[in-house]
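>>> my questions are about this predicted structure, shown below with the sequence.
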Amino acid sequence: MRHVVVSVLAAADIEHAIRWLRDRNPRAASLLRVEIDRAFEQLETGSIGSPLPRAAARLRDARRLLLNRFRYQLIFRVREEAIEVIALMHDRRGPRALRSR
């Protein structure tokens, strides 16, 4: 079983999303945190997600895992030793948001 490693940029994405939601709905922010933790567990137990859309082809080896209760997706790479989470993206953001990853 591989462990999940969260990049600095992905950690910032996660904190930003939770902070934004907390300002509007603290209960929903807590639920988002739970959902992200659940997604990390899924990744650790072998869920490989799905490939990114063709528009994000620059990240050929990246995959995504859609969160169940929120319109967010974790973008990650499967490495030999770990699963590297590189972004948390709202589904309204396009592939250009991943250019710096």
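Yep, it's here.

>>> show me what contacts the residue nearest the centre of the chain?
Among the residues of the chain, the smallest C-alpha distance to the mean C-alpha position (CA atoms, centre = their mean) belongs to L74, namely 1.6 Å. Residues near L74 by CB atoms under 8 Å, 6 or more residues apart in numbering: 10, 36, 39, 43, 49, 64-65, 67, 85, 87-88. C-beta here means a position set from N, CA and C on the backbone, and glycine is covered the same way.

>>> let me know the secondary structure of it.
Reduced to three states with DSSP: H, G, I helix; E, B strand; the rest coil, the structure at L74 is strand.

>>> tell me what it is bridged to.
Here L74 sits in beta bridges with L65, L88, going by DSSP bridges.

>>> quick one: buried residues of the longest helix seen in the chain?
Of all the segments of type helix in the chain, defined by DSSP state H, the longest one is helix 26-44. Residues of helix 26-44 classed as buried under the neighbour-count rule (16 or more other CB atoms under 10 Å) are 29, 32, 35-36, 39-40, 42-43.

>>> repeat for stretch 19-26
L21.

>>> same question, stretch 61-71
Of the residues in stretch 61-71, those buried (16+ other CB under 10 Å) are 62-65, 67, 70.

>>> and what of stretch 3-10?
4, 6-7, 10.

>>> tell me how many other residues surround I83.
I83 sits with 24 neighbouring residues when counted by other CB atoms under 10 Å.

>>> so it: helix, strand or coil?
Under three-state DSSP, the three-state class of I83 is strand.

>>> can you check the pLDDT for it?
Among the per-residue scores, I83 holds a pLDDT of 92.

>>> isn't it up against S7?
No - I83 is not in contact with S7 according to CB atoms under 8 Å; the separation is 11.2 Å.

>>> cool, thanks, talk later.
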